[in-house]
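>>> A structural model of the following input is requested.
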Amino acid sequence: MVGRRRAGARGNGGRQGQRGQAAPRRTLMEPAAFASETSQESHSPYQRISLAQARRGTSDRPARVYADGIFDLFHSGHARALMQAKNLFPNCYLIVGVCSDKLTHKYKGFTVMTEEERYEALRHCRYVDEVVQDAPWTLTPEFLEKHKIDFVTHDDIPYACAGSHDVYKHIKEAGMFVATQRTEGISTSDIITRIVRDYDVYARRNLQRGYTAKELNVSYINEKKYHLQNQVDKMKKKVKTVEEKSKHFVYKVEEKSHDLILKWEEKSREFIGNFLQLFGPDGAWKQMFQEHRGRMLQALSPYHSPSVSPSSSPSRTRSQSRSPSPASRRTLFPPKDASSSSMSEEDDDDNNTMTPL
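This next block holds a predicted model:
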């Protein structure tokens, strides 16, 4: 059902209608049609469009432009060439011919992709309207007539192959050749060169991804060597990861230790300042001690003692208060004789009073 719908959608685009017009694709989401799916039969004889008509866009149908190639490992250089071919004229129908594996291996060499893969790659390029399978190496008048080709496009560098200095020489002489610009720095040969140059890297990568040595055409010794190298690389990666983590840890420790040192210095300054405020020469502790000392001395020896003058210091007052006067000594500690005599007198009085009845 999908094939029928695609052929129906492309039918008007591939064949010549009553007015000889080819309708473009309805949407870019649809892949390009194969030439076998379109019909080139027309009720009116085919007449080529001139280059002036194609450039002005005054023709009653799109200009049919043909581009051919191998298109192995389809890359941006291929896409840019087809983009230029599609934009050669305001109204353009781009036909792309792809050579088969048999023809390519004969004239150019072995390909990486099969012809079916290369056909499908071209069908999904947004600039391609139609794909010709098993395209010829050299374009013949019969082939140009069959596909109603107005112009052939390729880069202007002479393409020497199959015993010819330039396979497009007769196309150029017929005035049907339109040149495109080649994209430098990218080609299928360049990509293959990269793979061959870094073969060990890609072999090791595919072994890691589950491919067998037989699938990669790798010998037993090389397989073991690649596995050993993979293990060494894993160890290096682990060591590097540990080094990075340790460096990060050391940096964090240094950062935190620096912060701690700054905080310690700040706290130590604050502690020293508070200590000096309390215990320094003019500190609060000294003043408080003097105040308490004065209060204690005052409590032990009040200032209003009569034996001490008001102008005397607390120390003198205390020393004087501790040394009693001779009169007070006599009062406090009377002589032994006097006391005994007084006591005898008191006893006599008592004896006198206690007379028997």
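>>> and the helix or strand containing Ile195, which residues are buried?
Here Ile195, judged by DSSP states H and E, is contained in helix 188-197. Neighbour counts over helix 188-197 (16 or more other C-beta atoms under 10 Å) mark Thr188, Ile192 as buried. No exception for glycine: its C-beta is placed from N, CA and C like everyone else's.
>>> average pLDDT across the helix or strand that that helix is followed by?
Of the helices and strands lying after helix 188-197 in sequence (DSSP H and E), the nearest is helix 199-208. Per-residue pLDDT over helix 199-208 has a mean of 89.
>>> ok, and for helix 199-208, which residues are buried?
Neighbour-count burial for helix 199-208 flags Ala203, Arg204, Asn206, Leu207 (criterion: 16+ other C-beta under 10 Å).
>>> all strands for the protein, in order.
Counting by DSSP state E, the chain has strands at residues 33-34, 63-69, 92-98, 130-132, 151-155, 177-180.
>>> now render these as a markdown table, adding distance to Lys86.
As requested, these are exported to a markdown table (distance: least, C-beta to C-beta, whole Å):
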| stretch | distance to Lys86 |
| --- | --- |
| strand 33-34 | 15 |
| strand 63-69 | 8 |
| strand 92-98 | 5 |
| strand 130-132 | 12 |
| strand 151-155 | 10 |
| strand 177-180 | 10 |
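>>> make a markdown table from those and add mean pLDDT and distance to Lys247 to it.
Shown next, in a markdown table, are the strands of the chain (pLDDT from 0 to 100; distance: least, C-beta to C-beta, whole Å):
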| stretch | mean pLDDT | distance to Lys247 |
| --- | --- | --- |
| strand 33-34 | 91 | 60 |
| strand 63-69 | 96 | 53 |
| strand 92-98 | 97 | 55 |
| strand 130-132 | 97 | 57 |
| strand 151-155 | 95 | 53 |
| strand 177-180 | 95 | 54 |
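>>> tell me which of the ones you listed sits nearest to Lys237.
Closest of those to Lys237 is strand 63-69, at 42.3 Å (criterion: C-beta to C-beta).
>>> strand partners (parallel or antiparallel) of the closest one?
Next to strand 63-69 in the sheet, as set by DSSP bridges, lie strand 92-98 (parallel), strand 151-155 (parallel).
>>> can you put these in CSV and add mean neighbour count and distance to Cys125?
Listed next are the strands paired with strand 63-69 as CSV, based on neighbours: other C-beta atoms under 10 Å; distance: least, C-beta to C-beta, whole Å:
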stretch, mean neighbour count, distance to Cys125
strand 92-98, 24, 8
strand 151-155, 20, 15
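>>> reformat those strands into JSON lines and put distance to Lys214 next to each item.
Output for the strands paired with strand 63-69, formatted as JSON lines (distance: least, C-beta to C-beta, whole Å):
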{"stretch": "strand 92-98", "distance to Lys214": "31"}
{"stretch": "strand 151-155", "distance to Lys214": "41"}
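>>> how much space separates the residue nearest to Ala63 when sequence neighbours are not counted from Ser257?
Leaving aside its sequence neighbours, Ala63 sits nearest to Ala54 (C-beta to C-beta, 6 or more residues apart in numbering; 4.0 Å). For Ala54, the distance to Ser257 equals 79 Å [C-beta to C-beta, to the nearest Å].
>>> of these two, who's got more company?
It is Ala54, of Ala54 and Ser257, that has more neighbours when counted by other C-beta atoms under 10 Å, with 23 against 10.
>>> need the contact list for that one.
Listed by C-beta atoms under 8 Å, 6 or more residues apart in numbering, the contact partners of Ala54 are Ala63, Leu88, Phe89, Asn91, Cys92, Asp150, Phe151.
>>> Gly273 now?
Applying C-beta under 8 Å, 6+ apart, we find Gly273 in contact with no residue.
>>> tell me how far stretch 64-71 lies from the chain's centre.
Centroid separation between stretch 64-71 and its chain, computed with C-alpha atoms, centre = their mean, to the nearest Å, is 41 Å.
>>> just stretch 46-55 next, same as before
On the basis of C-alpha atoms, centre = their mean, stretch 46-55 sits 54 Å off its chain's mean C-alpha point.
>>> please spell out which residues along that stretch are buried.
Arg48, Ile49, Leu51, Ala54.
>>> swap in stretch 137-153?
By neighbour count on 16+ other C-beta under 10 Å, the buried set for stretch 137-153 is Trp137, Leu139, Leu144, His147, Lys148, Ile149, Asp150, Phe151, Val152, Thr153.
>>> thought the fifth one was touching Val65?
Spelled out, it's Lys148. No - using C-beta atoms under 8 Å, Lys148 makes no contact with Val65, being 11.2 Å away.
>>> list the contacts for Ser59?
Ile49, Gln53, Asn91.
>>> distance check, the second one against Pro62.
To Pro62, Gln53 is 11 Å away according to C-beta to C-beta.
>>> ok, Ala203 next?
Going from Ala203 to Pro62 by C-beta to C-beta gives 48 Å.
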